[in-house]
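Model the following, please.
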Amino acid sequence: MRKLNEAEIERIVILLKQGKLLPDDYKNLLFDSKKEYELIYAGKEREEDILADTMAVPLQKIKTFRNGKDDTVWTNMLIFGDNLQILKTLLQMKLEGKLKNADGTPGVKLVYIDPPFATKQEFRGSQDQKAYQDKLAGSKFLEFLRKRLIFLRELLSEDGSIYVHLDWKKGHYVKVLLDEIFGEQNFRNEIIVRRIRKNIRERERVKTLNYGHDIIYFYAKSDIHLILPPTKFADHESRWHAFDAPGLRKGMDYPLFGHKPPVGRHWMFSEERAQEMIRKGTLRKHSKTGKPQYFLEASQEDLRDTIWDDIIASAFTTGYPTEKNEELLKLILDTSSNSGDIVLDCFVGSGTTLTVAEKSERKWIGIDCGKLAIYTMQKRLLNIPESKDLENPKKKYGKFCKPFCLYNAGLYDYKMIKGLPWEEYRGFALKLFQCRDEKHEISKIELDGYLGADSVMVFNYQKHKDAVMDREFIDDIHKYLGDKIGKRFFIIAPAASVLFLEDYIEKGKTKYFILRIPYSIIEEIHNQGFTKIKQPVNEMDVNDTVDAVGFDFIQVPKVECKYFIKEKKGQLKLSEGTKECVIRIEIFESKVISRKPLKFANLETLSMVMLDYDFYGDVFDLDEVFYAEDLKKNSYEVRFSNDKLIDQMMVIYIDIFGNEKREIKNLKDFIKKKDK
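Okay, the predicted model is just below:
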């Protein structure tokens with residue numbers, strides 16, 4: 001890259017001051033790109049900016065499930081939140097030495113992801129407009145995935161591997177991205193996995209050939225990656241290798257089954273060795289033709305190739321729409337990890353990766369931004385003893401899962417945060433706002449850390465229970481620190497302790513920023529707009545891609561319902577087994593904290609309703625889910641047969657932001673109400 005001359009530098013400065021884009025001819029002068037080719041699309045960011053600008057959100061421990069023996073060194077992790085921000089947090093944990101495999105290597109040994117395959121939006125307007133919108137949506141998806149792939153590369157151990165499961169929609173684009181991120185030299189295989197085939201009855205309506213397979217791209221972090229090639233059981237009937245009997249080497253008639261030796265390979269064995277093998281029974285005379293010909297028995301197992309046509313990608317045990325087959329994940333884990341290694345899935349869905357990792361004695365981390373996914377995984381893990389054994393599917397696994405922790409990341413329970421011991425609260429508060437935990441003093445005032453180069457104080461509301469933060473408090477701080485600090489100073493404090501509304505108060509040359517808990521991100525500090533996690537309103541939207549930015553706090557929605565029993569539609573008489581319990585949702589309103597007022601109509605923010613028909617007062621065990629769009633068609637009535645409700649049930653109402661309202665009901669609550 002040559003040096004810029006004075007005229008070029010002056011022109012660039014003028015354009016930047018005017019806020020104008022630089023001409024394309026400056027790209028090669030300013031940026032030294034080593035890539036011979038790359039995928040170019042709108043909105044593609046530099047890797048350095050992605051790694052630096054992504055927020056790391058702290059993990060709030062919600063519950064630890066302990067059905068098995070404790071591992072004092074490691075507890076498996078199930079995390080609810082946006083996976084990009086969580087991957088940044090996990091990368092910090094790797095650098096701190098908190099992610100280690102059985103062999104002591106830092107990082108994650110194996111990543112498997114089954115990301116949303118592509119967009120499915122339908123756009124109105126002209127054909128040209130639709131094509132443009134499709135491309136725009138496609139570029140957003142690619143950058144969404146690329147950001148996560150960059151972090152996954154950094155998280156992998158040096159001998160780690162990644163498997164990316166895709167279909168025909170965007171697989172070819174993602175292959176180019178993977179080459180860019182991991183290096184084309186680290187591409188190992190394209191694996192073909194069979195899909196469920198369409199019924200022939202649909203023949204008149206289809207416009208393409210049947211999509212018969214998914215693809216899985218297998219990449220290594222480096223040349224020292226671990227690989228234990230999988231095997232496949234050999235079909236003996238079709239895999240006998242034919243050889244001439246001694247003395248009859250040419251012009252032989254080969255049987256209808258078996259493989260004819262390649263030309264020039266009839267003398268694969270000496271006559272002495274052949275006779276010895278005949279005596280041992282490994283070289284046998286053909287029993288059907290009676291011809292003087294012998295066959296070498298094939299190995300019990302052969303090394304697999306890249307076509308896994310004996311495995312179907314999907315499974316249908318949990319009811320989750322994108323569930324994958326345990327047999328598929330077992331092959332992947334056996335190929336690229338050992339017992340005690342860390343396996344990560346950040347689009348974990350129904351939890352097949354976690355289930356197989358658990359059964360295979362691996363450590364695991366699972367991430368998903370969907371509440372349905374989290375509750376599906378929780379149920380699957382807690383009921384793992386009743387699931388199939390990996391080695392013998394005819395038997396039950398029969399073991400409880402090892403302890404695992406459920407975490408929130410990006411959507412927090414403020415009551416739990418406020419209840420933490422001071423040092424834990426202080427550390428959590430600093431992480432929440434991306435501050436470095438470095439205690440220091442200025443003018444004998446103890447400060448807690450830095451945000452960039454600026455000092456940060458965590459207001460100790462526990463020590464000063466009656467103290468509040470008003471303008472006089474800022475005046476007092478400024479008297480001591482005003483001439484010793486820069487243009488910005490940060491104070492983290494509970495929102496209830498702050499008596500003014502502004503985000504900052506300016507004193508002299510310094511702005512004193514107040515970082516409130518609970519409160520969403522202050523955009524002036526982080527230069528990013530705040531975006532909430534979004535929950536689906538129908539089954540098709542389960543894998544919608546949303547980039548959440550920043551953090552928020554749980555705000556329990558307002559829910560008012562009527563509960564009653566009525567006769568099932570189509571039934572003539574009201575008798576046992578013909579009645580329905582009905583929950584009619586009349587009011588559902590989300591409480592949203594936002595600088596810009598957000599107005600939603602009644603029921604507009606409802607995402608889904610989940611039911612556990614036999615709740616025992618400890619763990620919610622998901623039995624059925626009702627999506628908002630389906631409920632809307634039924635006048636927002638949740639209906640289920642009365643015989644499902646034996647004792648008491650738990651109902652969870654979830655809004656599109658991931659907030660929950662929980663209630664416990666029994667049959668008496670429904671019997672009291674009569675349908676008018």
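
List the beta-bridge partners for Val458.
Ile492 (DSSP bridges).

Run through who's touching stretch 83-98.
54-59, 79, 99, 106-108, 147-148, 151-152, 154-155, 344, 346-347, 365, 367-369, 409-410, 547-549 (Cβ atoms under 8 Å, 6 or more residues apart in numbering). C-beta: built from backbone N, CA, C; applies to glycine.

Out of these, list just those in strands.
Ile79, Val108, Leu344, Ile365, Ile367, Asp368, Ala409 (DSSP state E).

Out of those, give me the one that has the most neighbours.
Leu344 (30 neighbours; other Cβ atoms under 10 Å).

Is that residue in contact with Leu155, as I believe?
Yes - using Cβ atoms under 8 Å, Leu344 makes contact with Leu155 at a distance of 6.9 Å.

all helices in the stretch 351-500 of the chain, in order from the N-terminus.
Ranges of helices in the stretch 351-500 of the chain, per DSSP state H, counting those that start in this stretch, are 352-359, 371-382, 414-418, 422-432, 471-481.

Same question for the stretch 501-650 of the chain.
Going by DSSP H, counting those that start in this stretch, the stretch 501-650 of the chain shows helices at 523-526, 628-633.

and the ones you listed, which one's lowest on average pLDDT?
Among the helices of the stretch 501-650 of the chain, helix 523-526 has the lowest mean pLDDT, at a mean of 59.

one step back: same list, the ones in strands among the contacts of stretch 83-98, but as CSV with distance to Val13 and pLDDT please.
Below are the ones in strands among the contacts of stretch 83-98 laid out as CSV (distance: Cβ to Cβ, whole Å; pLDDT from 0 to 100):
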residue, distance to Val13, pLDDT
Ile79, 45, 97
Val108, 44, 97
Leu344, 45, 98
Ile365, 47, 98
Ile367, 44, 96
Asp368, 47, 94
Ala409, 42, 94
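
any chance of the residues you listed in JSON lines, plus distance to Asp612?
Below are the ones in strands among the contacts of stretch 83-98 laid out as JSON lines (distance: Cβ to Cβ, whole Å):
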{"residue": "Ile79", "distance to Asp612": "22"}
{"residue": "Val108", "distance to Asp612": "33"}
{"residue": "Leu344", "distance to Asp612": "29"}
{"residue": "Ile365", "distance to Asp612": "26"}
{"residue": "Ile367", "distance to Asp612": "23"}
{"residue": "Asp368", "distance to Asp612": "19"}
{"residue": "Ala409", "distance to Asp612": "24"}
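
what separates the closest residue to Leu432 other than its chain neighbours from Ala496, distance-wise?
Excluding the flanking residues, the one nearest Leu432 by Cβ to Cβ, 6 or more residues apart in numbering is Pro58, at 5.8 Å. Distance, Pro58 to Ala496, by Cβ to Cβ, to the nearest Å: 21 Å.

The residue nearest to Leu432: neighbour count?
Neighbours of Pro58 using other Cβ under 10 Å come to 22.

Now do it against Ile79, distance only.
Applying Cβ to Cβ to Pro58 and Ile79 gives a distance of 11 Å.

ok, Phe553 - contacts?
The neighbours of Phe553, taking Cβ under 8 Å, 6+ apart as the test, are Leu411, Tyr412, Asp413, Tyr414, Ile517, Pro518, Tyr519, Ile593.

switch the cut-off to 7 Å
Tyr412, Tyr414, Pro518 (Cβ atoms under 7 Å, 6 or more residues apart in numbering).

ok, the second one to Ala496 distance?
This points to Tyr414. On the measure of Cβ to Cβ, Tyr414 and Ala496 end up 10 Å apart.

Between these two, point out the one with more neighbours.
Tyr414 (15 against 12).

can I assume the more buried one is in contact with Tyr519?
No - with contact defined as Cβ atoms under 7 Å, Tyr414 does not reach Tyr519; the gap is 10.1 Å.

Could you report the neighbour count for the nearest residue to Ala56 once chain neighbours are set aside?
Distance criterion Cβ to Cβ, 6+ apart; nearest residue to Ala56, sequence neighbours excluded, is Lys88 at 4.0 Å. As a burial measure, Lys88 scores 21 neighbours (other Cβ under 10 Å).

Check what pLDDT Lys88 gets.
On the pLDDT scale, Lys88 gets 95.

tell me the domain ranges of the chain?
60-231+305-409, 235-298, 420-526, 555-671 (automatic domain parsing).

need those domains in TSV with distance to Leu39, can you?
Output for the domains of the chain, formatted as TSV (distance: least, Cβ to Cβ, whole Å):
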stretch	distance to Leu39
domain 60-231+305-409	4
domain 235-298	41
domain 420-526	28
domain 555-671	32
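
what lines up beside the helix or strand where Ile62 lies in the sheet?
Ile62 is part of strand 60-65, with elements assigned from DSSP states H and E. Strand pairing for strand 60-65, using DSSP bridges, gives strand 404-409 (antiparallel).

so how far is the partner strand from its chain's centroid?
Counting by Cα atoms, centre = their mean, to the nearest Å, strand 404-409 is centred 13 Å from the centre of its parent chain.

got a list of contacts for it?
Residues contacting strand 404-409 (Cβ under 7 Å, 6+ apart): 57, 59-65, 75-81, 85-86, 89, 378, 381.

Ok, stretch 307-320 next?
191-196, 214, 323-328, 349-350, 352, 376, 380.

Let me know the secondary structure of Ile40.
On the three-state scheme (DSSP: H, G, I helix; E, B strand; the rest coil), Ile40 is labelled coil.

Number of residues surrounding it?
So Ile40, with other Cβ under 10 Å, has 7 neighbours.

how far away is Asp618 from Glu47?
45 Å.

So these two - more neighbours on which side?
The residue with more neighbours, out of Asp618 and Glu47, is Glu47; 14 against 6, by other Cβ under 10 Å.

Report the buried residues of stretch 380-388.
Residues Arg380, Leu381, Ile384, Ser387, Lys388 are the ones in stretch 380-388 that count as buried (16 or more other Cβ atoms under 10 Å).

now the third one, nearest residue through space, not along the chain?
Spatial nearest neighbour of Ile384, excluding adjacent residues (Cβ to Cβ, 6+ apart): Cys401 at 5.0 Å.

Can you check the pLDDT for the one you found?
On the pLDDT scale, Cys401 gets 93.

got it, and Phe141?
Phe141 is given a pLDDT of 88.

you'd agree it is in a strand?
No - Phe141 is assigned helix when assessed by three-state DSSP, not a strand.

Looking at the buried residues of stretch 380-388, spot the one nearest Asn634.
Nearest to Asn634 out of the buried residues of stretch 380-388 is Arg380 (Cβ to Cβ; 28.1 Å).

Distance check, the closest one against Leu622.
Arg380 sits 9 Å away from Leu622, going by Cβ to Cβ.

go on, Cys405?
In terms of Cβ to Cβ, Cys405 sits 19 Å off from Leu622.

Kindly report the same for Val638.
The value you get for Val638 to Leu622, if Cβ to Cβ is used, is 14 Å.

The stretch 201-350 of the chain: helices as residue ranges?
Using DSSP H, counting those that start in this stretch, helices in the stretch 201-350 of the chain cover 271-280, 326-336.

before we move on, what about the stretch 1-150 of the chain?
Under DSSP H, counting those that start in this stretch, the stretch 1-150 of the chain gives helices at 6-17, 27-30, 47-53, 83-95, 127-155.

Could you pull up the mean pLDDT of the first one?
Averaged across helix 6-17, the pLDDT comes to 80.

pLDDT wise, what is Met1 at?
For Met1, the model assigns a pLDDT of 50.

Ok, Tyr627 next?
95.

who's in contact with it?
Pro536, Val537, Asn538, Glu539, Met608.

Looking at pLDDT only, which of those residues scores worst?
Glu539 (80).

Check the nearest residue to that one once chain neighbours are set aside and give its pLDDT.
Leaving aside its chain neighbours, Glu539 sits nearest to Pro321 (5.4 Å; criterion: Cβ to Cβ, 6+ apart). Pro321 carries a pLDDT value of 84.

gap between Pro321 and Leu411?
Following Cβ to Cβ, the distance that separates Pro321 from Leu411 is 23 Å.
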